[in-house]
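**Q** Structure for this input, please:
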Amino acid sequence: MKELPKVYANQIEKEIPNNKEMFYSKLLSSDRGVKNIVNEIDHIFGDSDFVYKKRVEITTDHDVFETEIVGKSGSFLLTMDGQKISIPSIIDIKKL
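**A** Have a look, this model is predicted:
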């Protein structure tokens, strides 16, 4: 096998400020007790008592209402009466 050529690596004697030395992360929503909505929706559809529809109360950015959800398509919940509810706009969802 052929040996690779030697490479000179210069010693770094000063601090290079091109990266952060400390990382800090805090979930802002955890203080308000906001649930992970996607996990809640998956839990509702994964329940053994979910056959083809489930009565839920949904709180969105603008409204609170009760409806029957029948499925999920992309980033929307589909209801029995033909509505499409955007999942990112949902603040809370509860089974009734």
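
**Q** Could you double-check that residue 92 sits in contact with residue 63?
**A** No: the pair formed by residue 92 and residue 63 falls short of the contact definition of CB atoms under 8 Å, at 11.9 Å. C-beta: built from backbone N, CA, C; applies to glycine.

**Q** which of the two has more neighbours?
**A** Between residue 92 and residue 63, residue 92 has the larger neighbour count (other CB atoms under 10 Å), namely 14 against 9.

**Q** Which other helices and strands does the longest strand seen in the chain contact?
**A** For the chain, the longest strand by residue count, based on DSSP state E, is strand 64-73. Counting by 3 or more CB pairs under 8 Å, 6 or more residues apart in numbering; DSSP states H and E, the packing neighbours recorded for strand 64-73 are helix 37-46, strand 54-60, strand 76-79.

**Q** make it 7 Å
**A** Counting contacts by 3 or more CB pairs under 7 Å, 6 or more residues apart in numbering; DSSP states H and E, strand 64-73 is packed against strand 54-60, strand 76-79.

**Q** average pLDDT for the shortest one?
**A** Per-residue pLDDT values over strand 76-79 give a mean of 94.

**Q** buried set for it?
**A** Residues of strand 76-79 classed as buried by neighbour count (16 or more other CB atoms under 10 Å): 77, 79.

**Q** I'd like the helices and strands packed on strand 64-73 written out as TSV, with distance to residue 40 added.
**A** Formatted as TSV, these follow (distance: least, CB to CB, whole Å):
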stretch	distance to residue 40
strand 54-60	10
strand 76-79	11
